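Enquirer: generate coordinates for the sequence data below:
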Amino acid sequence: FRVDIKPLASILSLILLALSTAVPILLPVPKIPTPSEPYQIGTSIFEMTDTSRQEIYSGKDEPRRFMIQVWYPAEVQDTDIRAPWMSNAAIYAPAIATYINLPSYFLNHLALVEIPAYIDAKVATSDGSFPVILFSHGWNGFNAQNTGQALELASHGYVVVGIQHTYGAVITVFPDGTIAPNNPKALPEDAEDPNYEVVARVLVNEWAGDMSFVLDQLSVWEKEAGNPFAEKLNLERVGVYGHSTGGGAAIQFCGVDSRCKAVLGMDPFMRPVSAEVIESGVSQPSFFMFRQD
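Expert: The predicted model follows:
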């Protein structure tokens, strides 16, 4: 008995051709638009360690630490390297895919996304210092999820700081290789849980604490000789924006910290905001956007 493999090989070739054509159509590599304003953009990633706070979500005796990504006006050199949209994409992409109930490999192509920003480029020279904007992601989000907004703002002359809230983010990767997954106990899945507000407010206070610590560190950077951001940050002009749980955290932060001068909530999750802030409101210029339902 003899099988002619040529027809089979032709069929397999056609299937592979079809798949190779369909995959880029079904799963295109996202493209982040080039910002509209004249400033070119740099981006840097830093680890923050707040020794004044104990980490409450790791189960370990350790200080609170988290990551930030900064997008800023830059003077780009020919030798500067384009930045990826997602650092550590080999770890982040499977975590995001799993969270949204897709096969773990389904979003691996996100590693191919580059953004119109350059890694650790020189901070731009300006007649004045740059206003600062903090960004807080949603539950199971990540600090680079709204990169398009951050790039546009940076092109207008803002320094934008995306905060990765450890154990509330989908996953966090530290420079030493430590991986901190999302801790589902930090926000009850059951919205009817009688302890929901209590637990959620602890989470939002922790995120507001991250914002406060970032501003503390930026004030050090602004005065630190040799720091790339020395004398480049206008900490009298600080805005805060956030999405969902991060939107609630932004409102909570601006309700208790006068360093916040304006706040934007994108579908902000209000249940975790403290009763005191909800009752008093926020005095800063505010804009809240909610989805229709």
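Enquirer: biggest strand in the chain, by residue count?
Expert: Using DSSP state E to define each element, the chain has its longest strand at strand 40-54.
Enquirer: what are the buried residues along that strand?
Expert: Across strand 40-54, burial judged by 16 or more other Cβ atoms under 10 Å covers Gln40, Ile41, Gly42, Thr43, Ser44, Ile45, Met48, Asp50. Quick note: C-beta positions are derived from backbone N, CA and C, even for glycine.
Enquirer: cool, and stretch 283-293?
Expert: For stretch 283-293, a neighbour-count test (16+ other Cβ under 10 Å) marks Gln284 as buried.
Enquirer: could you list the residues in contact with it?
Expert: Residues from elsewhere that reach stretch 283-293 (Cβ atoms under 8 Å, 6 or more residues apart in numbering): Gly247, Ile251, Cys254, Cys260, Lys261, Ala262, Val263, Leu264, Gly265, Met266, Asp267, Pro268.
Enquirer: and the third one, how far from Ile163?
Expert: So the one you mean is Cys254. 14 Å (Cβ to Cβ, to the nearest Å).
Enquirer: more neighbours, the two?
Expert: With neighbours defined as other Cβ atoms under 10 Å, Cys254 and Ile163 compare such that Cys254 has more, 29 against 25.
Enquirer: helix, strand, or coil at the more buried one?
Expert: Here Cys254 takes the helix state, with states given by DSSP: H, G, I helix; E, B strand; the rest coil.
Enquirer: which residues does it contact?
Expert: Val240, Cys260, Val263, Val282, Gln284, Ser286.
Enquirer: quick revisit: would you turn the buried residues of strand 40-54 into CSV with distance to Lys232?
Expert: Conversion of the buried residues of strand 40-54 to CSV gives the following (distance: Cβ to Cβ, whole Å):
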residue, distance to Lys232
Gln40, 15
Ile41, 14
Gly42, 11
Thr43, 15
Ser44, 13
Ile45, 18
Met48, 19
Asp50, 23
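Enquirer: pick the one among those closest to Pro116.
Expert: Distances from Pro116 to the buried residues of strand 40-54, taken as Cβ to Cβ, are shortest for Ile41 (6.5 Å).
Enquirer: residue closest to the middle of this structure?
Expert: In the chain, the residue lying closest to the centroid (Cα atoms, centre = their mean) is Asn143, at 0.8 Å.
Enquirer: partners of the residue nearest to that one when sequence neighbours are not counted in the sheet?
Expert: Using Cβ to Cβ, 6 or more residues apart in numbering and skipping the chain neighbours, the partner closest in space to Asn143 is Gly162 (3.5 Å). The partner list for Gly162 in beta bridges (DSSP bridges) reads Gln69, Phe135.
Enquirer: over to Thr49?
Expert: Thr49 has these beta-bridge partners by DSSP bridges: Arg65.
Enquirer: starting at the chain centroid, how far to the helix or strand containing Val199?
Expert: Applying DSSP states H and E as the criterion places Val199 in helix 196-223. Relative to the centre of its chain, helix 196-223 is centred 14 Å away, using Cα atoms, centre = their mean, to the nearest Å.
Enquirer: no further queries at this time; thank you.
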